[in-house]
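1. Whatever this is, show me its structure:
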Amino acid sequence: MPPEAVPITKTRVTQSRLMLPTDANIHGNVHGGMIVKYIDELGGIITARHAKANTVTASIDRMHFYKPVYIGNLLILKGAINYVGRKSMEVGVKVFAEDLTSGSVVHTGSCYSTFVALDRSGNTVPVPPIVPETPEEKHWYEGAKARRQRRLEDREARVRRTSLKAQKSGDVATESNIESEGH
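-> A predicted model of the protein is given here:
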C-alpha cells in the first residue's frame, strides 16, 4: 500500500546562521559556494525527514544569486519539497539576508535541487507523495513538475547522443559516459 500523501506545509523548514569571516572573501562578501553548501544541507534535512531515510543530492537544477550576503548578516534559508516523483524529491530554497543592526531583510537567492532516498545498500527507494494545498504550493508543484519533465527529456537526449557517439566509435555507452557527456 502506498504511503499517505503529506501536505507540502509539513515539509517546510527555516534555518538561520550568522555569516562569519570564515564564510566570506577578503571584501566581506559571503562565498556563493558556502551558500550552496548551506542550501544543500537544508535540502538534506528536509528530504531525510520526509523520506525517513538517508537522502542524497542528485542534482542542482537552478541556483540564482540576486544580491550579495555580507559578514555579520543573518543568513535565512526557507525550504520545502515542491514535488515528489516515485523516488525523487525537488526542494526549493529561498535565501534571505537580514542586517541585524537595521532589521532589513533582502531576498538574495533561490535554488532548486533534486534528492533521492537510499536504503542501507545504496539503492534508491520510493518516497511518500506530497499534496499541495494553497495556491502558492500548487504553483510550486506545477513548476517543479515541469522542471522534472525537462530534466527527464534532457537525460533522454544525452542518452541518445552518447549512444550514437558510441556506435560511431565502437565504444559502449555506459552510465558514466552518459552523465559526463557535454562536460
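
2. On the strand side of things, show who the residue nearest the centre of the chain bridges to.
-> With the centre of the chain defined as its mean C-alpha position, the nearest residue by CA atoms, centre = their mean is Ser113, 1.6 Å away. For Ser113, the beta-bridge partners are Ile60, Val91 (DSSP bridges).

3. In terms of pLDDT, where does it sit?
-> Looking at Ser113, its pLDDT stands at 97.

4. Which residue, other than its chain neighbours, is closest to Glu137?
-> Leaving aside its sequence neighbours, Glu137 sits nearest to Ile8 (CB to CB, 6 or more residues apart in numbering; 4.5 Å). Placement of C-beta: from N, CA and C, glycine included.

5. thought the one you found was touching Ile130?
-> Yes. Ile8 is in contact with Ile130 according to CB atoms under 8 Å; the separation is 5.3 Å.

6. where do the contact lists of these two overlap?
-> Where contact means CB atoms under 8 Å, 6 or more residues apart in numbering, the residues bridging Ile8 and Ile130 through contact with each are Ile81, Tyr141.

7. right, and Ala117 touches Pro128 too?
-> No. Contact criterion CB under 8 Å: Ala117 and Pro128 do not qualify, at 9.6 Å.

8. before we move on, the earlier item: got a list of what the residue nearest to the centre of the chain touches?
-> Ile39, Asp40, Gly43, Thr57, Ser59, Ile60, Asp61, Glu90, Val91, Val93 are the contacts of Ser113 under CB under 8 Å, 6+ apart.

9. Same list (those) but as JSON lines, adding neighbour count, pLDDT and distance to Val69.
-> What follows is these, written out as JSON lines (neighbours: other CB atoms under 10 Å; pLDDT from 0 to 100; distance: CB to CB, whole Å):
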{"residue": "Ile39", "neighbour count": "26", "pLDDT": "98", "distance to Val69": "12"}
{"residue": "Asp40", "neighbour count": "18", "pLDDT": "98", "distance to Val69": "16"}
{"residue": "Gly43", "neighbour count": "27", "pLDDT": "98", "distance to Val69": "18"}
{"residue": "Thr57", "neighbour count": "15", "pLDDT": "98", "distance to Val69": "21"}
{"residue": "Ser59", "neighbour count": "13", "pLDDT": "93", "distance to Val69": "24"}
{"residue": "Ile60", "neighbour count": "14", "pLDDT": "94", "distance to Val69": "18"}
{"residue": "Asp61", "neighbour count": "17", "pLDDT": "87", "distance to Val69": "21"}
{"residue": "Glu90", "neighbour count": "28", "pLDDT": "97", "distance to Val69": "24"}
{"residue": "Val91", "neighbour count": "29", "pLDDT": "98", "distance to Val69": "20"}
{"residue": "Val93", "neighbour count": "25", "pLDDT": "98", "distance to Val69": "14"}
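
10. which of these lies closest to Ala144?
-> For the contacts of Ser113, the minimum distance to Ala144 (CB to CB) is 4.4 Å, reached by Glu90.
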